[in-house]
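*Asks:* With the input below, show me the fold.
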Amino acid sequence: MKIEERTFIALDLGTSNILAYVGRQGIVYDEPSIMAYDNITNTLVALGQDAYELIGKTNENIRMEIPIKDGVITDLDAARDMLKHVFSKLKMLNEWKNSIILLACPSEVTELEREALKQVAYDMGAEIVIVEEEVKMAALGAGINIEIPKGNIVIDIGGGTTDIAIISAGDIIISRSIKVAGNAFNEEVKKYIRSEYNVTIGDKTAEEVKKELGSLAKYKGERTMSVFGRDIISGLPKEAIISSEEIRNVLVNAFSRITDLLIELMENTPPELAGDIITNGFMICGGGSKIRGIKEYFNGIFSVPCHLTANPLTGVIEGSKVWQKTINQRIDNDYYGKNAKSVKKGSQTSYL
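*Replies:* Okay, here's the model as predicted:
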């Protein structure tokens, strides 16, 4: 089958959201990576945004499933079920037949985890499956020309992981990944409010507090916010008044782990690329780049220019669209067969 006759599908299987792009149609799905099942019948009750609205408000017969955690598929059956329901809902299941699939994954996903990712695509009917690192796709989506021999540091702060990479001459030179990102920030907010105010709040409330008050530097219009939860002593509903400064201190403490990882990566940077990094600075991508003051935070520590991507939530997909041209050229030139390990499964081929 000719390349142009195959459907190109790119998937950003995030911990917080799943995005699906179908060639010539655009992004067809962008919703939370969560599912709600009925424990009695084991049937799907809600998916995506509908399931997200049920968090913390269901009875004991409803269980919530998140098949992708910290950038890794933890439940293969649930992940397969999610994709089938997503594309069935969109009436696009046939698009998978003989398709070319690009899967974006975190930098330090193991070979076994990559195989699990590919297995999902195989089971959906894909013919060719290509796995690329999220941070590389995010760099392309941010408009970086990764083909030229100049070093760029990309910091991709997602929901489950933060990936940091130095990219030059078409590929990743060195990369690191840490499970400190959006969800971890929410957990830190929950811990702080519990310890300081004896109030337990849910994940959705913590996310709202982070979005409304979160910052890494002082900003105009700082304020307080009422948060409602359960008193851990009396068990009764209780209100807490939280300030922007409090949440800033929580986030700065959490970000210190990302900073440490960035320092480690820079210490291992080839000397020839150090000058490029000083000139080009950092490109910050992913949903975490929307936190107020993030440019000032990194600039204050490293004294280099910091740039924010224009499309933080869809950057990986935008990069995948750019990379499609390279994939087609490589398939035409039998690049993958000559230069990569090829895993065959019947008529299906996976390229690493």
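*Asks:* residues in contact with the residue lying closest to Ile291 once chain neighbours are set aside?
*Replies:* For Ile291, ignoring the flanking residues on the chain, the nearest one in space by Cβ to Cβ, 6 or more residues apart in numbering is Gly214 at 5.2 Å. In short, each C-beta sits where N, CA and C put it, glycine included. Residues near Gly214 by Cβ atoms under 8 Å, 6 or more residues apart in numbering: 185, 247-248, 251, 291-292.
*Asks:* can I get those in a markdown table with distance to Ala126?
*Replies:* Formatted as a markdown table, these follow (distance: Cβ to Cβ, whole Å):
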| residue | distance to Ala126 |
| --- | --- |
| Phe185 | 34 |
| Ile247 | 43 |
| Arg248 | 45 |
| Leu251 | 39 |
| Ile291 | 36 |
| Arg292 | 40 |
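*Asks:* And those residues, which is closest to Pro270?
*Replies:* Using Cβ to Cβ, Ile291 is the member of those that lies nearest Pro270, at 30.3 Å.
*Asks:* Count the residues that sit near that closest one.
*Replies:* 21 (other Cβ atoms under 10 Å).
*Asks:* same question, the one 10 residues further on
*Replies:* Ile301 is surrounded by 13 other residues when neighbours are defined as other Cβ under 10 Å.
*Asks:* And the one 4 residues further on, by the same measure?
*Replies:* Pro305 has 14 neighbours, counted by other Cβ under 10 Å.
*Asks:* Going C-terminal from the helix or strand containing Glu132, what's the next secondary structure element?
*Replies:* Under the criterion of DSSP states H and E, Glu132 resides in strand 128-133. Next along the chain after strand 128-133, taking DSSP H and E as the criterion, comes helix 134-141.
*Asks:* Which elements pack onto that following helix?
*Replies:* strand 100-105, strand 152-157, strand 162-168, strand 171-178, strand 282-285, helix 315-332 (3 or more Cβ pairs under 8 Å, 6 or more residues apart in numbering; DSSP states H and E).
*Asks:* So what touches the third one?
*Replies:* Residues outside strand 162-168 that contact it (Cβ under 8 Å, 6+ apart) are 106-107, 133-136, 138-139, 144, 146, 148-156, 172-178, 180-181, 258, 261-262, 265, 269, 273, 276-277, 286, 288.
*Asks:* Show me what that strand pairs with in its sheet, parallel or antiparallel.
*Replies:* Sheet partners assigned to strand 162-168 using DSSP bridges are listed as strand 152-157 (antiparallel), strand 171-178 (antiparallel).
*Asks:* From the chain's centroid, how far away is the strand holding Glu132?
*Replies:* The chain centroid and the centroid of strand 128-133 are separated by 16 Å, computed with Cα atoms, centre = their mean, to the nearest Å.
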